[in-house]
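Undergrad: Have a look at this fold, sequence not included:
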């Protein structure tokens, strides 16, 4: 019976050893799981740190682009201000030019009022309108000659300085009258 009495104690020891082994196995597995979880967590932390660094770089890029956009807006506003200033300057210069043009026209009108040649031409052209088409054509030739640099010169009596054959009479008039070229008084010399 000695064998039988040792058997329960052996089973108790085997059971205790098995429980200890299971506990050790569970502890080892738990530690291994913990180590794997720790590695996973470290990898996730590293990945999160990398994502944060990338986000910070993107934030810096975004700030830089916002600053560039603000500078571009400021440049655009400056360009608009400059364009408005140039438009205002152009309007002012156009106004000054119109004022000068009006002054020139007024001075020309006053000079025409004072000039006896211009007044005579006005009177002659006014008389031509009243006399009819035949006389108007003759006077038109005279004013056309005057406007074209006096290709034909008319004396004070309304006579052309060409003879009946159409030749120009330079110098002394063969018909007995004297001829004076008003634009170039020395042309006959």
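TA: That came through, no problem. These figures come from a predicted structure and were not determined experimentally.

Undergrad: Residue 61: how many residues sit nearby?
TA: By other C-beta atoms under 10 Å, the residues close to residue 61 number 10. From N, CA and C alone the C-beta is placed, and that goes for glycine too.

Undergrad: One more: the one 5 residues further on?
TA: Residue 66 is surrounded by 10 other residues when neighbours are defined as other C-beta under 10 Å.

Undergrad: List the backbone torsions phi and psi for it.
TA: When read as degrees, to the nearest 10, the backbone of residue 66 gives phi -60, psi -40.

Undergrad: same thing with residue 115?
TA: Taking degrees, to the nearest 10, you get phi -70, psi 120 for the backbone angles of residue 115.

Undergrad: Any figure for the gap between residue 78 and residue 72?
TA: To residue 72, residue 78 is 10 Å away according to C-beta to C-beta, to the nearest Å.

Undergrad: and the helix or strand encompassing residue 106, what other elements does it pack with?
TA: Assigned by DSSP states H and E, residue 106 belongs to helix 2-114. If contacts are counted by 3 or more C-beta pairs under 8 Å, 6 or more residues apart in numbering; DSSP states H and E, helix 2-114 sits against helix 116-131.

Undergrad: at 7 Å instead, please
TA: If you count contacts as 3 or more C-beta pairs under 7 Å, 6 or more residues apart in numbering; DSSP states H and E, helix 2-114 packs onto no helix or strand.
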